[in-house]
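Colleague: Sequence first, then the predicted structure, then my questions.
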Amino acid sequence: MSALNESNRARIIELISLMPGLHLRQLQRLLGISFSSTRYHVKRLESSGKLLPKQDRGFVRLYPKGINESDLEIYPFLRNRTARLILSALIEQPGLSNKEISERTGLAKSTISEYLTRFLSAKIVKSTMAENKRIAYEIQDPSHLLYLLMTSKGRVHSTATDRFVDLWDF
């Protein structure tokens, strides 16, 4: 394998480790190489077991080898600003209703409902019936989710990625 191929594959592994859940087009933009070259290197890394692809709503998201199976459900949400807002509100104040989340985030109740349904399905959030017969929502594992939120903030990723890509400029 050529030094350039090794370099590109090392960059791919590092970027995906920094930003689990990247999809191919995002990766290609960050690398600054052609889409077909990016796809070629990703396929080689997948076949050697160094990357884990996972289908998610029309995308194939890429994860580093050895990622926790439950985190595969969480990372796509953490890449979405709206999902992060809702999850952050639930971490700050467990037991909020749809209406209360809407008030805290400024998002429409219908948007909150859509995301809560997806969170419930992914077992990230659980619902309970509160004393006043309203449905309240809580994070299943708040400490783990908080850790993932803190380590996957968009700006942190962008800054780290920009610095990483700059290191590899030729």
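Modeller: Great, that's in hand.
Colleague: Phi, psi for the most far-flung residue of the chain relative to its centre please.
Modeller: The C-alpha centroid of the chain is most remote from Asn132, which lies 34.5 Å away (C-alpha atoms, centre = their mean). Per-residue torsions, Asn132: phi -90, psi 20 (degrees, to the nearest 10).
Colleague: Quick check: it vs Gly95, distance?
Modeller: Remark: distance between Asn132 and Gly95 (C-beta to C-beta, to the nearest Å) = 11 Å. Any C-beta I mention is one placed from the backbone N, CA and C, and that applies to glycine too.
Colleague: How about Gln140?
Modeller: 13 Å.
Colleague: neighbour-wise, which of those two wins?
Modeller: Using other C-beta atoms under 10 Å, the more surrounded residue of Gln140 and Gly95 is Gln140, with 15 against 12.
Colleague: Need the three-state assignment for the closest residue to the more buried one other than its chain neighbours.
Modeller: Nearest residue to Gln140, sequence neighbours excluded (C-beta to C-beta, 6 or more residues apart in numbering): Lys126, at 5.6 Å. The three-state assignment at Lys126 reads strand, by DSSP: H, G, I helix; E, B strand; the rest coil.
Colleague: show me the contacts for Lys126.
Modeller: By C-beta atoms under 8 Å, 6 or more residues apart in numbering, the residues touching Lys126 are Leu120, Tyr137, Glu138, Gln140.
Colleague: No more questions from me, cheers.
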